[in-house]
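Chemist: 3D model of this:
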Amino acid sequence: MSILIDQNKKVLIQGITGREGQARAKLMMNYGTNVVAGCTPGKGGMETLGVTVFDTVAEAVEKNGQIDVSVIFVPAPIVKDAAIEAIEAGVKLCVIVPDRVPIYDVMEIKQVADKFNANFIGPNTLGLISPGKAVLGMMGGRAQSAREWFKEGNVGVSSRSGGMTSSLAYYLSQAGVGLSTIVHVGGDPIIGMPHDKICLEFEKDPETEAIVLFGEIGGTQEERVAALIESEEITKPVIAYIGGKAAKEGVRFSHAGAIVEGGRGTHAGKVEALRKAGAYVVDDFSDIPNAVKKIIMDTDIAD
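Modeler: Okay, here's the model as predicted:
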């Protein structure tokens with residue numbers, strides 16, 4: 001199975017007529033994602049890659065029925081309007097790819113999403129992929145490489161690093177570990193579905209049998225996962241790695257969401273919280289595949 005996306009979910013691409021939108025639409029469609037419509041104000045009625053473009057999300061919904069997911073490829077200053085438009089039109093999941101979205105805009109998106117019982121991934125995300133089913137965003141780069149790199153299976157991946165998301169999934173697949181869904185939660189300080197929400201989705205998925213977490217310094221996402229493990233809201237094995245061990249206070253590691261401030265969000269604190277809760281935390285990134293295989297050996301996930 002998978003979380004959030006599969007081959008049956010109906011997908012809209014906002015900004016499909018732009019250069020980035022067209023390139024990523026091609027990836028998604030060639031991989032098998034069910035892209036039913038595009039949206040670019042002022043370009044309604046045209047076609048891009050065989051997909052009809054609408055002026056508004058509401059028009060796309062009226063024509064195609066309920067749309068499950070919108071993937072957003074618009075300039076950062078208008079992301080808020082695009083996301084809120086989609087949510088108010090009934091879309092339950094937005095994937096917000098652009099970075100540099102103003103933090104107060106993200107807070108407004110979250111407020112509207114909560115009101116309409118919707119979710120969003122990102123901002124500043126590569127997206128997500130359920131191997132063998134569908135991809136949202138730009139995971140894998142091209143459809144052929146995504147097929148070759150990511151093996152379908154029963155281990156879920158949640159990552160805070162865009163580049164390391166693909167690397168982690170690739171190395172797991174090369175080691176024979178199949179993956180249910182790979183999610184890059186986003187690199188900004190405020191995001192829609194952080195580690196704890198993604199891990200709860202994996203917990204509910206009957207075919208995801210273990211969770212791999214790529215964490216980083218800054219924020220409290222990993223500590224919240226630890227709390228869920230302690231409360232037994234997450235019962236599946238969690239294998240984690242925390243990046244940024246050498247970073248000093250006030251120094252940003254990789255992106256805006258990974259920074260230690262005032263002693264909070266430290267590498268040591270995150271490792272301690274996860275280990276105390278019962279997660280298996282590796283010290284080196286390269287140790288992840290073997291650690292996963294060791295922990296899941298008895299369940300034959302990696303066969």
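
Chemist: let me see the contact set for Gly278.
Modeler: 229-230, 238 (C-beta atoms under 8 Å, 6 or more residues apart in numbering). C-beta: built from backbone N, CA, C; applies to glycine.

Chemist: mind checking how far it is from Glu232?
Modeler: Going from Gly278 to Glu232 by C-beta to C-beta, to the nearest Å gives 10 Å.

Chemist: next: Val292.
Modeler: 21 Å.

Chemist: next one: Ala273
Modeler: Ala273 is 16 Å from Glu232, by C-beta to C-beta.

Chemist: neighbour-wise, which of the two wins?
Modeler: Ala273 (21 against 8; other C-beta atoms under 10 Å).

Chemist: helix, strand or coil for that one?
Modeler: Here Ala273 is recorded as helix under DSSP: H, G, I helix; E, B strand; the rest coil.

Chemist: and it, how far from Met28?
Modeler: For Ala273, the distance to Met28 - C-beta to C-beta - is 36 Å.

Chemist: now Gly163
Modeler: From Gly163 over to Met28 (counting by C-beta to C-beta), the distance is 20 Å.

Chemist: show me where the stretch 201-303 of the chain has its strands.
Modeler: For the stretch 201-303 of the chain, the strands defined by DSSP state E, counting those that start in this stretch occupy 210-216, 238-243, 280-281.

Chemist: switch these over to TSV; also include distance to Leu179 and mean neighbour count.
Modeler: Output for the strands of the stretch 201-303 of the chain, formatted as TSV (distance: least, C-beta to C-beta, whole Å; neighbours: other C-beta atoms under 10 Å):
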stretch	distance to Leu179	mean neighbour count
strand 210-216	8	26
strand 238-243	13	24
strand 280-281	18	20
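
Chemist: how about these in TSV, adding mean pLDDT and distance to Gly178?
Modeler: Shown next, in TSV, are the strands of the stretch 201-303 of the chain (pLDDT from 0 to 100; distance: least, C-beta to C-beta, whole Å):
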stretch	mean pLDDT	distance to Gly178
strand 210-216	96	11
strand 238-243	96	15
strand 280-281	97	19
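
Chemist: mind putting the ones you listed in TSV, distance to Val225 included?
Modeler: Shown next, in TSV, are these (distance: least, C-beta to C-beta, whole Å):
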stretch	distance to Val225
strand 210-216	7
strand 238-243	7
strand 280-281	11
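
Chemist: to Leu172, which of the ones you listed lies closest?
Modeler: With C-beta to C-beta as the criterion, Leu172 lies closest to strand 210-216 of the strands of the stretch 201-303 of the chain, at 6.9 Å.

Chemist: pull the CA atoms of the closest one into CSV?
Modeler: Taking Å, rounded to 0.1, in the frame of the first residue of the first chain, the C-alpha atoms of strand 210-216 are listed here in CSV:
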residue,chain,number,x,y,z
ALA,A,210,8.8,0.1,9.4
ILE,A,211,9.6,3.8,9.2
VAL,A,212,13.0,5.4,8.3
LEU,A,213,13.5,9.0,9.5
PHE,A,214,16.0,11.4,8.2
GLY,A,215,16.1,14.2,10.8
GLU,A,216,18.1,17.3,11.2
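
Chemist: in the sheet, which strands lie alongside it, parallel or antiparallel?
Modeler: strand 152-159 (parallel), strand 238-243 (parallel) (DSSP bridges).

Chemist: helices of the stretch 201-303 of the chain, start to end?
Modeler: 221-230, 267-277, 288-296 (DSSP state H, counting those that start in this stretch).

Chemist: mean confidence for the helix or strand in which Thr181 is found?
Modeler: Assessed by DSSP states H and E, Thr181 sits inside strand 179-184. Across strand 179-184, pLDDT averages out at 98.
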